[in-house]
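Enquirer: No letters, just coordinates:
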C-alpha cells in the first residue's frame, strides 16, 4: 500500500506556481484603472495599499462621500513621480462580484480625471477564508446578524 501511494503525488509545474498572482492587479484603459483585489470575505472592512500611474499632478480632489463602500483614506505622490500611492478603505458588504468606483481629479488640472474601479469576488459565510493579496489587510469584522433568533413576533 505504501508503494502505491508513493506514485500518486501531486506536483505543480514551476510556471503554474509563479503565475499565481499574490499582488493586486491594475489594468489601465483611457481615464480608468481597474484594480483587481481577488477574493475577499463578506462583512469585512479592508485597507488597500497600492500605487497608480497617473498624470493628475501632485494633489488630488475627490468626494469622500461619493461611495459608501470604498473611500480614499490617504494618498501621496509616488517616489518615481509617475503617480500616487493610495490607501483605500473597502467594505465587502455583499456576496458575489463587487465593483466599486472612485473618481479622482487633479487639483491643479480639474479637467483631468481618473476613475478607479475596485473589483473583488466576495465569499459568503461558510465559503472559506481567502488568502489576501499583498497590500490588502483586514481591519474590521462586522458582527454577524444572520441568526435564527429574531425579534419579530409574527402575525397575531
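Expert: Done, it's in. Just so it is clear, the structure is predicted and the values come from calculations on it, not from any experiment.

Enquirer: Show me the shaky parts of the protein.
Expert: 1-20, 145-154, 156 (pLDDT under 70).

Enquirer: what about the residue nearest in space to the middle of the chain, is that helix, strand or coil?
Expert: Central residue of the chain (CA atoms, centre = their mean): residue 37, 3.7 Å from the mean position. Look at residue 37: counting by DSSP: H, G, I helix; E, B strand; the rest coil, its state is strand.

Enquirer: Now do the same contact list for it.
Expert: Going by CB atoms under 8 Å, 6 or more residues apart in numbering, residue 37 touches 24, 46, 48, 90, 118-120, 133, 136. Bear in mind the C-beta positions are built from the backbone N, C-alpha and C, glycine included.

Enquirer: quick one: the helices in the chain?
Expert: 2-5, 14-18 (DSSP state H).

Enquirer: How far does stretch 94-111 sit from its chain's centre?
Expert: Distance of stretch 94-111 from the chain centroid (CA atoms, centre = their mean, to the nearest Å) equals 13 Å.

Enquirer: what's the nearest residue to residue 32 once chain neighbours are set aside in contact with, if anything?
Expert: Among residues not flanking residue 32 along the chain, residue 115 sits closest, at 4.6 Å (CB to CB, 6 or more residues apart in numbering). Going by CB under 8 Å, 6+ apart, residue 115 touches 31-33, 101-103.

Enquirer: Tell me the bridge partners for residue 115.
Expert: Here residue 115 sits in beta bridges with residue 32, residue 103, going by DSSP bridges.

Enquirer: Okay, it and residue 106: tell me how far apart.
Expert: 13 Å (CB to CB, to the nearest Å).

Enquirer: same question, residue 78
Expert: Noted for residue 78: a distance of 14 Å to residue 106, by CB to CB.

Enquirer: So these two - more neighbours on which side?
Expert: residue 106 (18 against 15; other CB atoms under 10 Å).

Enquirer: so the more buried one sits right up against residue 75, yeah?
Expert: No - assessed by CB atoms under 8 Å, residue 106 is found out of contact with residue 75, at 11.8 Å.

Enquirer: can you give me the strands in this protein?
Expert: 25-29, 32-41, 44-53, 60-61, 70-77, 83-92, 96-106, 113-123, 136-141 (DSSP state E).
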